[in-house]
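**Q** Based on what follows, work out the 3D shape:
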Amino acid sequence: MLATSMLCLALAGCVSGPPSATPTASSAVVATPSPAAAPLATPTSTRRLLVTPTPLPTSRVTVALVAHENPILGYRVSLPEEVRRVGSAIVTGNEQTLGYDLYTGRTEAEDRAACLSDAGGQPGVDGYPTLSIRAARNPEALSAEVWATTPRSPGAQPMSTHLLVERTTIDGRETVRLVRDQVTNHDTAGYLIRGNDRVYTLGFESDSIPSRLPRGWLDTVAASFRVIQPAPFPTPTPPPAIAPLDAARELGQRLSRAFAARDVDVIAGLITPQCWLGTVPAVAPGVGVGGSTRAVVPFLAALRESFARSGVAVVVDPTVQVNVQGTGIFRTEQLFVRSDWTASGVTMRIDLFLWDTGGTSYWVSARHDPFPDNPCSDLRVIWGIPSGIGQC
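**A** Numbering: from 1, shown residues only. Predicted coordinates:
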């Protein structure tokens, strides 16, 4: 079956979340938490354990705060007034994930500018990171420590990989603090808080913390976190009138016709409505090399320009293929169609992955063969692959 959670991997903020309580601003003196940390047990190969923890900063900072609440996920948190919610999802039909909220201090203008960048919304050194607050079911009543130090799915790494683990409490709740810096113990990577038969995870979407935020920012946010009585979870959405596989077949046909006609306007209506198209090499060129993104707006502009001068030809086979990952409750089916892109006498294969959102399917990501060596190839230009050799 198609796993609902995969939708939110492909499309951030793709499912409408619950209405939040009206935010209220207040001027408050907030202190970062000063937990009484306890050393953990004997280390294993998958976790680093904090033996002599350094206390968190205790300086008091006066800031204007806004309370944000998600009654369905069951939490309340206070954030600086410039921070706004930019994404929210309630996930039904999943054995673990309940949903998430995304918050940022970026302005709407900054977000619009980011949509034109292939960075996929990841902030630069001076950018404002995206804070995520996620909730997951905890039917086995696992401790926060066990949750952090054991894989959440087969073949996955635990959240504590390459991190120090520190026990603490927030509002009397069992909590784990994950720490990057093993020397100063100030670089907090995230928090796990147990409550309401759930585990809440607080952390940044990016791997690094931009310098724009003061040290201890996440610690201050975590100190304000409160678990509240959750509202009833919404009734699962009825199955769409058209099955996901049938919707993918229809989308494959439409993509095939649109590319054959070189109709970028039609393609624009079939591609993800989000800012970025996910990309991943069919064969990773090296260890640690993963996926990337291509900004949709410049992608469509480059495709239109190349079509206009017959620089590229694209043939899409509308036959839907199925890529199966995982087993049991973690089994997912990724649907895609194959396509061949030809420019300057070179043809490369690109698989177009399709995703159904309540009966409407979109092309959301691509898996590609190695790009041609020609630095000025239309294929490299369309897909935003740097030439590395001057200007084309």
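**Q** Let me see the residues that make contact with the longest helix along the chain.
**A** Ranked by residue count under DSSP state H, the longest helix found in the chain is helix 244-260. For helix 244-260, the external contacting residues (Cβ atoms under 8 Å, 6 or more residues apart in numbering) are 2, 240, 242, 266-267, 270, 314-320, 335, 337, 339, 352, 354, 356, 359-363. From N, CA and C alone the C-beta is placed, and that goes for glycine too.
**Q** That helix: which residues count as buried?
**A** P244, L245, A247, A248, R249, L251, G252, R254, L255, S256, A258, F259 (16 or more other Cβ atoms under 10 Å).
**Q** pLDDT value on the third one, please?
**A** So that's A247. Per-residue confidence (pLDDT) for A247: 89.
**Q** quick one on the thing from earlier: with distance to T130 as extra columns, can I get the buried residues of helix 244-260 in a markdown table?
**A** Conversion of those to a markdown table gives the following (distance: Cβ to Cβ, whole Å):
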| residue | distance to T130 |
| --- | --- |
| P244 | 28 |
| L245 | 33 |
| A247 | 30 |
| A248 | 30 |
| R249 | 35 |
| L251 | 29 |
| G252 | 32 |
| R254 | 32 |
| L255 | 30 |
| S256 | 36 |
| A258 | 32 |
| F259 | 33 |
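**Q** Tell me how far the longest helix of the chain lies from the chain's centre.
**A** 26 Å (Cα atoms, centre = their mean, to the nearest Å).
**Q** Tell me which residues of whichever helix or strand comes after it come out buried.
**A** Next helix or strand after helix 244-260 toward the C-terminus (DSSP states H and E): helix 264-270. By neighbour count on 16+ other Cβ under 10 Å, the buried set for helix 264-270 is V264, I267, A268, L270.
**Q** Mind giving me the packing neighbours of helix 264-270?
**A** Packing contacts for helix 264-270, counted by 3 or more Cβ pairs under 8 Å, 6 or more residues apart in numbering; DSSP states H and E, involve helix 244-260, helix 296-308.
**Q** could you redo the last one with a cut-off of 10 Å?
**A** Helix 264-270 is packed against helix 244-260, helix 296-308, strand 360-368, with contacts defined by 3 or more Cβ pairs under 10 Å, 6 or more residues apart in numbering; DSSP states H and E.
**Q** Between strand 360-368 and the next helix-or-strand element following that helix, find me the angle.
**A** Once the chain leaves helix 264-270, the next helix or strand it forms, by DSSP H and E, is strand 276-281. With axes from the mean of the first three to the mean of the last three Cα atoms, to 10 degrees defining the directions, strand 276-281 sits at 40 degrees from strand 360-368.
**Q** Measure how strand 276-281 sits relative to helix 296-308, angle-wise.
**A** Angle of strand 276-281 versus helix 296-308, following the same axes, to 10 degrees, is 70 degrees.
**Q** For strand 276-281, which strands pair with it and how are they oriented?
**A** Strand pairing for strand 276-281, using DSSP bridges, gives strand 292-295 (antiparallel), strand 360-368 (parallel).
**Q** can the ones you listed go into TSV with extra columns for distance to F204, mean neighbour count and mean pLDDT?
**A** Shown next, in TSV, are those (distance: least, Cβ to Cβ, whole Å; neighbours: other Cβ atoms under 10 Å; pLDDT from 0 to 100):
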stretch	distance to F204	mean neighbour count	mean pLDDT
strand 292-295	17	19	91
strand 360-368	23	21	94
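**Q** Include distance to L79 when you put those into TSV, please.
**A** Below are the strands paired with strand 276-281 laid out as TSV (distance: least, Cβ to Cβ, whole Å):
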stretch	distance to L79
strand 292-295	26
strand 360-368	30
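**Q** quick one: which of those strands is nearest G216?
**A** strand 292-295 (30.6 Å; Cβ to Cβ).
**Q** Go through the strands paired with strand 276-281 and name the closest to P281.
**A** Taking the strands paired with strand 276-281 one by one with Cβ to Cβ, strand 360-368 is closest: 6.2 Å.
**Q** any idea how far the closest one is from the chain center?
**A** Between the centre of strand 360-368 and the centre of its host chain there is 16 Å, according to Cα atoms, centre = their mean.
**Q** what's the angle between that strand and helix 244-260?
**A** Computed with the same axes, to 10 degrees, the direction of strand 360-368 lies at 70 degrees from that of helix 244-260.
**Q** could I have the helix or strand just after strand 360-368 exported to CSV, CA atoms only?
**A** Counting by DSSP H and E, the next helix or strand C-terminal to strand 360-368 is helix 378-382. The C-alpha coordinates for helix 378-382 follow below in CSV (Å, rounded to 0.1, in the frame of the first residue of the first chain):
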residue,chain,number,x,y,z
ASP,A,378,21.0,21.7,-22.3
LEU,A,379,20.6,18.8,-19.9
ARG,A,380,22.9,20.3,-17.4
VAL,A,381,21.4,23.8,-17.8
ILE,A,382,17.7,22.6,-17.5
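**Q** Quick one: residues in contact with helix 378-382.
**A** With contacts defined as Cβ atoms under 10 Å, 6 or more residues apart in numbering, helix 378-382 is touched by 294, 298-307, 309-314, 341-344, 346-348, 350, 368-369, 371-375, 385-388, 392.
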